Structure formats: C-alpha cells, structure tokens
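Peer 1: Structure for this input, please:
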Amino acid sequence: MSLKKVAGIIVMTCFLVHVGHAQAQEGLQTYFSEVASKVKAMDDPAEKREVTAKSLQTMAEAVDRVQRSRMISKEDRARLEQLKATVQDKQDELAGLNGFERVPDGQLNAFVDYVVQDMEQAERTITISLVAALLIVIILILIV
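Peer 2: This is a model prediction of the structure:
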C-alpha cells in the first residue's frame, strides 16, 4: 500500500472519530433538551417533577449499563462514575434528598434548564471515549 493511501486512511479515520464523538455528544444534549421542552410545556408541577425524575433515572440506567459493558476501559468506567454522580446529585436535588433542598414547584422550569446546562458542562469536563458516548446514546434511545 502506498504512503499516500495510508496517510489518507489515517486522516479519514481521525475525521470520522471526531464526527462520531460530536454526534454522540449531540445525542445526549438533544435528549436533555427534549426533556426540558416537554417539562416546560406542562402545567402540572407533579407531572413536571415526574418527567424530570424519570429522565434522570433513565440517564442513570444508561450509564450503569454502559459501565457494565466489557468494551469499556477502566478509565471510562471512572469517568462514567463521575457522570453518574452528577446525575445522582440532580435526582437528589429534585427530590430534596441527601442534604439538598427540594426544588420548589415554581422553579421546575428553571431546574430543567439548569440540568441541561450542567449536563452539557459535564460532557465537556468528563471526557469519555467515543464508544462509551455512543453506547449511552444507543441505550437512551432503546430505553425511551
């Protein structure tokens, strides 16, 4: 194989990995953005709280399933544990558990916006591999 072909394959592989990772991050952002839109469209605070709690639980389940996968490295497992802790904090805050004050009914819309922003920030600071990110998105799609 010529040097040009090898270089071309390497460049294409790097490009495809970058695109795949961006799509995985976009999938997670889309999931939480859709939940936020759904919650904001509701009038009943109990329904808003239920949908928000269910979406956080679904995310926690997806992360758990990916952590148990044999395809995930030890480093990714540790990073996924950080992501799971972030999700657990949001669940606790919503419900008023583990030292958190329960989110008041009148602030549920603001809370879901906060969750979206915080999860987007978590995706930037908790760097997981492309495989882990794609598995989370796939599992979210299958669960929902």
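Peer 1: all helices in the chain, in order from the N-terminus.
Peer 2: Secondary structure of the chain, counting by DSSP state H: helices at 3-41, 45-67, 74-95, 108-125, 130-143.
Peer 1: Can you give me the distance of the spatially closest residue to residue 115 that is not a sequence neighbour to residue 117?
Peer 2: Leaving aside its sequence neighbours, residue 115 sits nearest to residue 90 (CB to CB, 6 or more residues apart in numbering; 5.4 Å). All C-beta spots, glycine's among them, are computed from the backbone N, C-alpha and C. With distances defined as CB to CB, to the nearest Å, the gap from residue 90 to residue 117 amounts to 11 Å.
Peer 1: and those two? which has more neighbours close in?
Peer 2: Comparing residue 90 with residue 117 by other CB atoms under 10 Å, the one with more neighbours is residue 90, at 25 against 12.
Peer 1: That one and residue 57 touch, don't they?
Peer 2: No - under the contact definition of CB atoms under 8 Å, residue 90 does not touch residue 57, with a separation of 10.4 Å.
Peer 1: Now do the same contact list for residue 108.
Peer 2: With contacts defined as CB atoms under 8 Å, 6 or more residues apart in numbering, the neighbours of residue 108 are 39, 45, 48, 49, 52.
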